[in-house]
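J.: Sequence and predicted model, in that order:
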Amino acid sequence: MTNTPQAKLDIKLGSLSFSGEGDQDWLTSQLQMLIDCAETLNRDALSQPQGASQAPLKSPNGSQFQEPLATYLKSKNAEKNQNMRFLVTADWLRRRGSETLTSGMVARALLDNHQSRLGNPSDCLNQNVAKGLCEKSNGGFFITQIGMKTLGYE
């Protein structure tokens, strides 16, 4: 009997996770099944209407915030200026319950809600940071007090 080399695999893709130990060929086939499953789940999630299977998110003060992004952008006069659209979209995500914000989340929210995309979301973040409207922290960013005042919060 020959000993085949054992391999170990621990992987997490969103809410999908797998942990296994065995020969390399078996783990490779399991990894491929996991990737196929993740692609199917992602395709299914994208085909569902926005918010169809999710409970409404709560804003930081505990109330439910359900205003559509398009309406929120218009109410804050942020349709034309990319940096303002970035800031207002970040605020919209914050009000819907997102604690840590990223430029990718902002870009994705605009895309998912059929709004004009940002030319360079990272640059928009950096410009808002330079103006003191946002501050980077813990792999993401948050809106500063100056940013909140700019958005109309006292």
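T.: Sure thing, it's come through.

J.: Can you report how many residues lie near K80?
T.: With neighbours defined by other CB atoms under 10 Å, the count for K80 comes to 9. Where C-beta positions appear, they are placed from N, C-alpha and C, glycine not excepted.

J.: Quick check on it: phi, psi?
T.: phi -100, psi -40 (degrees, to the nearest 10).

J.: Mind pulling up the pLDDT for it?
T.: Per-residue confidence (pLDDT) for K80: 91.

J.: do the same with S63
T.: With respect to pLDDT, S63 has a value of 51.

J.: same question, the one 3 residues further on
T.: pLDDT for Q66: 85.

J.: Please report how far it lies from Q145.
T.: 26 Å (CB to CB, to the nearest Å).

J.: again, but for G132
T.: Summarising the geometry, the distance separating G132 from Q145, computed by CB to CB, is 9 Å.

J.: same thing with M84?
T.: The separation that M84 has from Q145, given CB to CB, amounts to 17 Å.

J.: Also K12?
T.: As it turns out, when the distance is counted by CB to CB, K12 lies 36 Å from Q145.

J.: What of K8?
T.: 47 Å.

J.: Could you do G97 as well?
T.: Counting by CB to CB - G97 and Q145 are separated by 20 Å.

J.: show me the residues around the most centrally placed residue in the chain that make contact.
T.: With distances taken as CA atoms, centre = their mean, M105 lies nearest the centre of the chain, 3.2 Å away. For M105, the contacting residues are 90, 93, 98, by CB atoms under 8 Å, 6 or more residues apart in numbering.
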